[in-house]
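Engineer: This is the structure alone, sequence omitted:
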């Protein structure tokens, strides 16, 4: 086995991502209730008690809602950067000191047979960061919750075998939709979320010969649709002569465990 992963849940209501190698099993974010997380793990036949730890991207509730609950229930270590710890500590309840670990921005950590690299993103949180995972020459990149994809991020995540990439909104749906203008401005801004079209443009710059699959993530319930996101990203890629296996994610249902081959 190389790397295997499942997008347990993705969307504005809650986010959780699971990835494993032969020796290590990690959850990234726990933005659903403890009960929901247990159900999602059950659906992909993973026992949360076997996790090596939980990596946190940032302190927004759709990423940490069940974090304290699941960490306490299974006595799991949590990894986050200092500013994120400071921002989320009151929301996640009491933890023992041997559950709290520091994972700095732009840092590479080796856990057993898995190498994990963090990278900063532009989003309206204390110090948001996402991750790439490497094992046996394979690479998976998790890239959501960012207003734009900088050249520095592109360099970090380029030529991954698989991507979980944000396609949050259709710009026209958002502009015409019911959200108040200040919220629309936040989503469209540099610290907001990536649109379908910008997702396609970024992917066109970073995918390599080994890239097999992309999962479109963090879709807005109000300003996007799975078919629209897939079609928009696909059409941007096809304009550049790129054919790619594009998969959906869901806020309530995990994707089947995918082995990166």
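Structural biologist: Cool, got the structure. Computed from a predicted model, the values in this text were never measured in an experiment.

Engineer: all strands for the stretch 1-150 of the chain, in order.
Structural biologist: Assigned strands in the stretch 1-150 of the chain, in chain order: 4-9, 16-20, 25-28, 53-55, 78-80, 100-102, 108-111, 114-120, 129-135, 138-143 (criterion: DSSP state E, counting those that start in this stretch).

Engineer: could I get those strands as CSV with mean neighbour count and distance to residue 206?
Structural biologist: Yep, even glycine has a C-beta here, placed from its N, CA and C like the rest. Formatted as CSV, the strands of the stretch 1-150 of the chain follow (neighbours: other CB atoms under 10 Å; distance: least, CB to CB, whole Å):
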stretch, mean neighbour count, distance to residue 206
strand 4-9, 25, 18
strand 16-20, 26, 19
strand 25-28, 24, 19
strand 53-55, 23, 21
strand 78-80, 25, 25
strand 100-102, 14, 28
strand 108-111, 14, 19
strand 114-120, 19, 13
strand 129-135, 24, 11
strand 138-143, 24, 8
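
Engineer: Ok, which of those strands comes nearest residue 214?
Structural biologist: With respect to residue 214, and counting by CB to CB, the nearest of those is strand 138-143 at 9.8 Å.

Engineer: what pairs with the closest one, and is each one parallel or antiparallel?
Structural biologist: In its sheet, strand 138-143 lies beside strand 129-135 (antiparallel), strand 162-166 (parallel), with partners assigned from DSSP bridges.

Engineer: for the nearest residue to residue 125 once chain neighbours are set aside, what are its contacts?
Structural biologist: Nearest-residue entry for residue 125: residue 58, 3.8 Å, with adjacent residues in sequence omitted and distances by CB to CB, 6 or more residues apart in numbering. The neighbourhood of residue 58, defined by CB atoms under 8 Å, 6 or more residues apart in numbering, consists of 84, 87, 123, 125, 126, 127, 128, 129, 145.

Engineer: switch the cut-off to 10 Å
Structural biologist: 29, 64, 80-81, 83-84, 87-88, 121, 123-130, 145 (CB atoms under 10 Å, 6 or more residues apart in numbering).

Engineer: If you tally nearby residues, what's the number for residue 172?
Structural biologist: Residue 172 has 11 neighbouring residues, counting by other CB atoms under 10 Å.

Engineer: Helix, strand or coil: sort out it for me.
Structural biologist: At residue 172, secondary structure determined by DSSP: H, G, I helix; E, B strand; the rest coil is helix.

Engineer: is it possible to export the strands of the stretch 1-150 of the chain to CSV including mean pLDDT and distance to residue 71?
Structural biologist: Converted to CSV, the strands of the stretch 1-150 of the chain look like this (pLDDT from 0 to 100; distance: least, CB to CB, whole Å):
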stretch, mean pLDDT, distance to residue 71
strand 4-9, 98, 16
strand 16-20, 98, 13
strand 25-28, 98, 10
strand 53-55, 98, 6
strand 78-80, 98, 5
strand 100-102, 98, 9
strand 108-111, 98, 17
strand 114-120, 98, 18
strand 129-135, 98, 18
strand 138-143, 98, 19
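
Engineer: Select, out of those strands, the one closest to residue 232.
Structural biologist: Distances from residue 232 to each of these were compared using CB to CB; the shortest belongs to strand 138-143, at 16.9 Å.

Engineer: next helix or strand past that closest one?
Structural biologist: Sequence-wise, the next helix or strand downstream of strand 138-143 (DSSP states H and E) is helix 151-157.

Engineer: Now do the contacts for the most far-flung residue of the chain relative to its centre.
Structural biologist: Here the centre of the chain is the reference, and by CA atoms, centre = their mean the most remote residue is residue 176, at 27.2 Å. Residue 176 makes contacts with 170, 184, 223, as judged by CB under 10 Å, 6+ apart.
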